[in-house]
Each structure stands twice: as C-alpha cells, then as structure tokens.
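Asks: Sequence and computational prediction follow.
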Amino acid sequence: MLWMKHHRIINVANSILNSTDLDQTVAHLIYAQGYAECTQHVTSALKVEWDASRSATYGVDTSIEHAAAKAEYNNLRLLVMDLVTTTLQSEDFVNQLKEIFLDEANASDKKDLE
C-alpha cells in the first residue's frame with residue numbers, strides 16, 4: 001500500500017502524458033487550427049498585426065479539420081487507462097498495478113529503500 005500511496009498517481013500520469021496516441025492527437029489538434037488561433041491571440045495581446053502569410057495553413061479553412069481533431073481528442077481512449085480501470089476492480093489491484101508499471105515500480109521501491 002505504501003507504493004500505491006506514493007507512486008500510483010505519478011506512474012499513471014506519466015504513462016498518460018508519455019502516450020504516443022495522446023501526443024499524435026494533440027499535435028493533430030494544434031496543427032488543424034492552432035496557428036490561426038495563435039495568430040489571433042498574438043494580434044490581440046500585442047496589439048500588432050501578425051504576418052501569417054508564411055503559414056502552411058494561410059488562406060485555408062481548417063475549421064472542419066479542427067472540429068474532427070477535437071472530436072478525436074475528446075473520444076481518445078488510452079490503453080493504460082483501460083488497464084488501470086480494469087485493475088482497480090480487482091482485490092489484488094496493488095500487485096497488478098505494479099506489474100503494469102513494472103519499471104517505475106522497481107525504481108520507486110529502490111528509491112524508498114534509500
């Protein structure tokens with residue numbers, strides 16, 4: 001239970017944040033409309049007109065692509081979250097989580113002993 005108390009949230013968060021699926025989905029979301037939105041924010045904040053003419057999306061309506069990317073992000077399922085959800089329903093969830101996060105668990109246990 002000590003491992004759960006000190007390391008479970010960190011291990012789950014790291015697995016989510018380091019997920020290739022999440023990275024790709026966020027990158028797609030940002031690219032789809034991000035440059036246009038960023039240009040609007042810079043123009044508003046700095047009170048200057050931002051030259052977006054060199055952007056790959058200049059003059060292109062990316063709103064449909066952006067809406068699709070948002071839907072993809074909002075419906076994203078990560079394997080690690082499915083594993084954690086299933087594991088937490090088990091009576092022996094601590095050991096099962098240690099198996100899922102084997103490398104992190106071993107490093108954490110060694111650090112606790114120091």
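Replies: Received it, and whenever you're ready, just let me know what you need.
Asks: quick one, helices of this protein?
Replies: Taking DSSP state H, the helices of the chain run over residues 2-17, 20-46, 63-74, 79-87, 93-100, 102-113.
Asks: just checking, what packs against the fourth one?
Replies: In terms of contact count using 3 or more CB pairs under 8 Å, 6 or more residues apart in numbering; DSSP states H and E, helix 79-87 is assigned the packing partners helix 2-17, helix 93-100. For glycine as for every other residue, the C-beta is placed from the backbone atoms N, C-alpha and C.
Asks: Comparing these by mean pLDDT, which bottoms out?
Replies: The minimum mean pLDDT among the helices and strands packed on helix 79-87 belongs to helix 2-17 (a mean of 71).
Asks: re earlier: the helices of the chain: which one's closest to Ala52?
Replies: Ala52 sits nearest to helix 20-46 of all the helices of the chain, at 4.6 Å, using CB to CB.
Asks: Mind listing what's buried along that closest one?
Replies: Within helix 20-46, the residues scored as buried using 16 or more other CB atoms under 10 Å are 22, 25, 28-29, 32-36, 39.
Asks: and which of those is nearest to Val80?
Replies: Leu22 (9.8 Å).
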